[in-house]
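Q: Could you work out the structure for the sequence below:
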Amino acid sequence: MPGKAQSLKTKKAGSSFIFISFVSFNVASRTIMALWRTRTLTPDQKARIAEEQQEEGGKSICLEDTGSCLVVEDAKMSKVYSVELPMKMKSVMEMFDGGDLEYKVIGKSGCLSYVTTTWEPMKSNPDAFERRLCYKFNRQFSIFGGEVTCTQQKIPVSNGKGWIVNEVMALHDIPFSDHFRVHFKYQFENSVLVPNSCKCDVYVGVTWLKSTTFQQRITRNITEKFAHRLKDVFELVEREILLANGSN
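A: Residues are numbered from 1 along each chain as shown. Predicted coordinates:
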């Protein structure tokens, strides 16, 4: 399927290797090397590696950077969207499973070269899962285009009747992109009013890594931009699920 990575498995001396081709080899290789090198390093050593990447490549695009910021409470979150969907929560959660629904919605909402990793259990919480995303926005959404890397965590709610998906997004190749990270929180619960329906609340926040005089303006623009985008995304999700159910 267009946008997905192509993979090839090989075995050597009892070990299994998976080779994946990405759209941008340089970005992918820097990401893979950074993840491999930082697994057992101290914070000071990680900081030195980040400085080396910036000196060598002029910028640092590392998925580990988004993971290290994945504490949504650190960002001031604002509820930007809330919706009751006339379908089971299990169907809606397919927008996060890396399958056909996710790729259809992402493609129609202006994302290019979309690649995801599989969900993996978190060591700190075996009931929670984590994955990473990489894609580009088209120029209809952003006049700068730009690459996007994200880390998502999927966590069951305490009553076992819903999910929370936390996401940290790093934008690249746009003005001030190294100054901030965008945080999202998706909260899904079964509807208490309508059977076989679910409710979704979405929150957005911005964490600032460096200060700038444009901070308030950028935060406002990001919040407004993604509020509109999230509305479009969930309308697409609802439409695609209803179309799929109607054709069955």
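
Q: list the contacts for the spatially closest residue to Lys136 that is not a sequence neighbour?
A: In space, and not counting its chain neighbours, Lys136 is closest to Leu112: 4.5 Å by C-beta to C-beta, 6 or more residues apart in numbering. (Glycine included, C-beta is placed from N, CA and C.) With contact set as C-beta atoms under 8 Å, 6 or more residues apart in numbering, Leu112 has these partners: 3, 135-138.

Q: Roughly how far does Leu112 sit from Val182?
A: 18 Å (C-beta to C-beta, to the nearest Å).

Q: one step back: considering the contacts of Leu112, which is situated nearest to Thr207?
A: Closest to Thr207 out of these is Phe137 (19.7 Å), distances taken as C-beta to C-beta.

Q: before we move on, back to that, the residue nearest to Lys136 in helix, strand or coil?
A: strand (DSSP: H, G, I helix; E, B strand; the rest coil).

Q: Just the pLDDT at it, thanks.
A: Per-residue pLDDT puts Leu112 at 90.

Q: For the host helix or strand of Arg220, buried residues please.
A: In this structure, Arg220 sits in helix 215-247 according to DSSP states H and E. Neighbour-count burial for helix 215-247, counted by 16 or more other C-beta atoms under 10 Å, picks out 218-219, 222, 226, 229-230, 233-234, 236-238, 240-241.

Q: Switch those residues over to TSV; also include distance to Gly99 and pLDDT.
A: Listed next are the buried residues of helix 215-247 as TSV, based on distance: C-beta to C-beta, whole Å; pLDDT from 0 to 100:
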residue	distance to Gly99	pLDDT
Ile218	34	91
Thr219	33	93
Ile222	28	91
Phe226	23	92
Arg229	21	92
Leu230	20	94
Val233	16	95
Phe234	17	96
Leu236	15	96
Val237	13	96
Glu238	17	95
Glu240	11	95
Ile241	12	95
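
Q: so where's the chain uncertain?
A: For the chain, applying pLDDT under 70 flags the ranges 1-75, 142-145, 247-248.

Q: the helices in it, which residues?
A: Ranges of helices within the chain are 25-37, 43-57, 63-68, 89-92, 100-108, 215-247, based on DSSP state H.

Q: circling back: ok, the contacts of Leu112 vs Val206, which is closest?
A: Nearest to Val206 among the contacts of Leu112, counting by C-beta to C-beta, is Phe137 at 16.7 Å.

Q: doesn't Gly110 make contact with the closest one?
A: Yes: Phe137 lies in contact with Gly110 (C-beta atoms under 8 Å); the separation is 6.0 Å.

Q: Of the two, which one has the most company?
A: Higher neighbour count among Phe137 and Gly110: Phe137, with 20 against 17, using other C-beta atoms under 10 Å.
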